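Engineer: coords please:
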Amino acid sequence: MEPIANTNQEIINPGKTKKSGAAKAFKFNPFDPEFRADPYSAYHRLRSEEPVHRDFLGSWVLTRYADVKAVLRNPRFQSDNLPQRLKNKNLYLKHQQKDLNGLIETSSKLLLHLEPPDHTRLRGLVSKAFSPAMIERMRLQIQEIVDELIGNVQQKGSIDIISELARPLPVRVISKMLGVPVEIQNQVYQWANDLSSILDPLNSLENLAHMNEVILKFSECFHQLIAEREKKPQQDLISALITARERDTSSMMMNFCQYVYCSLVQVKKRQSI
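Structural biologist: Next up is the predicted model:
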């Protein structure tokens, strides 16, 4: 990886501080229980001491906005080829009469792993769906959900801000935007929660096989929702996308819905923050 320039166009080499140029022994491990309990001190140290860091898996960790933005806008960089890695792991499951085909197909179409022009088209849908104007129109509905969640714990005199507000709030809001029925919101969230570890490089074959089963259920559920909205449109995002009718609409909506749900579950249990 080439050195990354900061906003002042200074070059900071991996493993060296801006001030002294001395190599640091700091080892960043996102799987460490201490990091999961309190990630902020580790991030602060990375930004101040080693903003371009190579972890124990050989991956590069960038913690400054300018560096991240530079990489995302540089065409020389590309997303991780997760689908190919899953194909390689697929070979080890044949003797168990299992496969990762559903996971491979879906991951190859998710926004995180697409390149232009497909990435540009899908990102455009995401941007439109979560524009400031769209969110502003939902202000009253979002406020009602917040009031309800706070009201549920008001008598206790205390609140677990993650499990009782930060986690259910985006689930409720995005479900309402998409048009996911209330009775299946918890199930869809659980599926998305199971899939949120798909990027974990230390996933076991057993865990990947489980995610493959989950993605098939996830896909079936949203295919049914899309089919229902095609017959009977409602005031929701899925219906709006059907009306827009871009090419390969069904597949694009499927991937859009999966992306949205798998993104929102990053607000998870306290130990996973």
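
Engineer: could I get the full set of helices for the stretch 151-273 of the chain?
Structural biologist: Using DSSP state H, counting those that start in this stretch, the helices of the stretch 151-273 of the chain run over residues 168-178, 182-195, 205-231, 237-244, 249-264.

Engineer: export the ones you listed to a markdown table and tack on mean pLDDT?
Structural biologist: Formatted as a markdown table, the helices of the stretch 151-273 of the chain follow (pLDDT from 0 to 100):
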| stretch | mean pLDDT |
| --- | --- |
| helix 168-178 | 86 |
| helix 182-195 | 86 |
| helix 205-231 | 89 |
| helix 237-244 | 76 |
| helix 249-264 | 55 |
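
Engineer: closest one to L125 among the ones you listed?
Structural biologist: Comparing the helices of the stretch 151-273 of the chain by their distance to L125 (C-beta to C-beta), the top pick is helix 249-264, with 5.3 Å. Bear in mind the C-beta positions are built from the backbone N, C-alpha and C, glycine included.

Engineer: I150 is in contact with S158, isn't it?
Structural biologist: No - the criterion here is C-beta atoms under 8 Å, and I150 misses it with S158 at 11.7 Å.

Engineer: of these two, which one has the most company?
Structural biologist: A side-by-side neighbour count of I150 and S158, using other C-beta atoms under 10 Å, places I150 first with 12 against 8.

Engineer: what helices and strands are in contact with the helix or strand that contains that one?
Structural biologist: Using DSSP states H and E, I150 sits within helix 139-153. Applying 3 or more C-beta pairs under 8 Å, 6 or more residues apart in numbering; DSSP states H and E, one finds that helix 139-153 makes contact with helix 168-178.

Engineer: buried set for the helix holding I150?
Structural biologist: I142, I145, L149 (16 or more other C-beta atoms under 10 Å).

Engineer: now it: mean pLDDT?
Structural biologist: The pLDDT scores in helix 139-153 average 93.

Engineer: just the residues contacting it, thanks.
Structural biologist: By C-beta atoms under 8 Å, 6 or more residues apart in numbering, the surrounding residues in contact with helix 139-153 are I135, I159, E164, L165, P168, L169, R172, V173, K176.

Engineer: try it again at 10 Å.
Structural biologist: 135-136, 138, 154, 159-161, 164-173, 176-177 (C-beta atoms under 10 Å, 6 or more residues apart in numbering).

Engineer: mind giving me the PyMOL select for these, buried ones only?
Structural biologist: Only the buried members of the contacts of helix 139-153 end up in this PyMOL selection, burial being decided by 16+ other C-beta under 10 Å:
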select buried, resi 164+165+167+168+169+170+171+172+173+176+177
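
Engineer: for F56, phi and psi?
Structural biologist: Main-chain torsions, F56, degrees, to the nearest 10: phi -70, psi -10.

Engineer: with V61 instead?
Structural biologist: With angles defined as degrees, to the nearest 10, V61 sits at phi -120, psi 120.

Engineer: any idea what it is bridged to?
Structural biologist: V61 has these beta-bridge partners by DSSP bridges: H53.

Engineer: I'd say it and E50 touch.
Structural biologist: Yes - counting by C-beta atoms under 10 Å, E50 is a contact partner of V61 at 8.7 Å.

Engineer: quick one, which of the two is more surrounded?
Structural biologist: Applying other C-beta under 10 Å to V61 and E50 shows that E50 carries more neighbours, namely 23 against 16.

Engineer: I'd say the more buried one and T63 touch.
Structural biologist: Yes - if you go by C-beta under 10 Å, E50 and T63 touch, sitting 8.5 Å apart.

Engineer: got any residues that touch both of those two?
Structural biologist: When contacts are counted by C-beta under 10 Å, 6+ apart, E50 and T63 have F28 as shared neighbours.

Engineer: pLDDT value on G21, please?
Structural biologist: 48.
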